[in-house]
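In: Kindly return the folded structure for what I paste below:
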Amino acid sequence: MNNIPANFEFINLYESARQPGTVHCQNTALVRYYQKYLFQKLVSVFDFDGLPDTWAKNYFKYVLFGYGYVIILNTERYGVIPQQGGLSGYNIFYQPRFATIANPLLPGLERPEIGVDCEVIKLQPDYSSPLDIVTTFADLLALCCESAGVNLLNSKLSYVFAAGNKTQAESFKKMYDQIASGQPAVFIDKDLFNEDGSRNWDVFFQNLKNNYVTGDILNDMAKIENQYNTMIGIPNANTEKRERLITDEVNSNNAETSSLVSLWLTTMREDIERVNALFGLDLNVTYKFKGGVEDETSAGLSSDAVSL
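Out: Below you'll find the model as predicted:
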């Protein structure tokens, strides 16, 4: 999971769930490319304003979306800052009570108590990361991309000649090179044919038109990415039917788009309010895309943006 923050608990859970029933790509550079690409799209869904100038905004968003939560605490040297860390000590409602910070530049930190010494901004109510969504769709896109590559490679194997000996094979090579170079006439040895004019060699012809499915695979990849966009809150019109969508179909897709966005936005709103109250900050978050949701009022979204 290159360049994507993931704790050992998530990695172990993800790897253990890969077998035996689900088809996955190998952990290749292609899979890591799509993981990074999809993770960056996920991070782009919301804009955060009011962050102190001393904060590294990319770090804040990276930790929040990668680990599922970010800890906000006050330090003697750096002031109020965001940090990645662990959670422990659950209360009667199984909510964490303490944070654990393992940053070597912040030595001597006791376990800060949540709500007293620090606060936690989480993306989902269960503190989990959305990386399972990212990795699932990265696998699907990588599988499609690999299939398209194999199909393109196979499309180059139009003719295969079965020669009786090495001399015949060399004759076929020269003949094909001459044809491929565009020569108007090609001369071959008559020994390649029997006395009755029939050929004494075999040729395998691959029907490229019937076996070429790269276009279909690329269309499937677009559908998969649209499904991912819908899941993470990026408005899109699912154009699978290839004709103009009616209003009800667009609205139905927008309703799906708003569901997770509404959950994430509500969860972050509640936590940010506590952070602002504890540390006197003025943080807020906005949904980046105008429109694109089925009922922005019921989803807690305004037509312009959502300000927390």
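
In: What segments of the stretch 151-300 of the chain are helices?
Out: Using DSSP state H, counting those that start in this stretch, the helices of the stretch 151-300 of the chain run over residues 166-180, 208-211, 214-232, 247-279.

In: which strand is the longest one in the chain?
Out: strand 69-75 (DSSP state E).

In: Let me see the mean pLDDT of the helix or strand just after it.
Out: Downstream of strand 69-75, the next assigned helix or strand under DSSP states H and E is strand 79-83. Across strand 79-83, pLDDT averages out at 96.

In: Quick check: buried residues in strand 79-83?
Out: V80, I81, P82, Q83 (16 or more other C-beta atoms under 10 Å). Where you see a C-beta, it was placed from the backbone N, CA and C, and this is true even at glycine.

In: how close does I114 get to S258?
Out: Using C-beta to C-beta, to the nearest Å, I114 is found at 30 Å from S258.

In: For F60, find the nearest of the helices of the stretch 151-300 of the chain.
Out: helix 247-279 (11.5 Å; C-beta to C-beta).

In: So what are the sheet partners of the longest strand of the chain and their directions?
Out: Paired strands of strand 69-75, with direction, are strand 79-83 (antiparallel), strand 118-122 (antiparallel) (DSSP bridges).

In: So the residue sitting furthest away from the middle of the chain versus G115, what's the distance?
Out: The outermost residue of the chain, judged against the average C-alpha position, is E195 (62.9 Å), by C-alpha atoms, centre = their mean. Using C-beta to C-beta, one gets 97 Å for the distance from E195 to G115.

In: got it, and D49?
Out: Distance from D49 to G115, by C-beta to C-beta: 24 Å.

In: Same check on I92?
Out: For I92 relative to G115 (C-beta to C-beta), the value is 14 Å.

In: Between the two, which has more neighbouring residues?
Out: Neighbours per residue, other C-beta atoms under 10 Å: of I92 and G115, the larger number sits with G115, 13 against 5.

In: Pick out the shakiest of the helices of the stretch 151-300 of the chain, pLDDT-wise.
Out: helix 208-211 (a mean of 70).

In: Just the CA trace of that helix, in PDB.
Out: Extracted C-alpha coordinates of helix 208-211, given in PDB (Å, rounded to 0.1, in the frame of the first residue of the first chain):
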ATOM      1  CA  LEU A 208      -8.600 -10.100 -34.200                       C
ATOM      2  CA  LYS A 209     -12.000  -8.500 -34.500                       C
ATOM      3  CA  ASN A 210     -13.700 -11.300 -32.600                       C
ATOM      4  CA  ASN A 211     -11.000 -11.500 -29.900                       C
END
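
In: What residues of that helix count as buried?
Out: So for helix 208-211, nothing qualifies as buried (16+ other C-beta under 10 Å).

In: now stretch 48-63
Out: So stretch 48-63, judged by 16+ other C-beta under 10 Å, has buried residues F48, L51, W55, F60, K61, Y62, V63.
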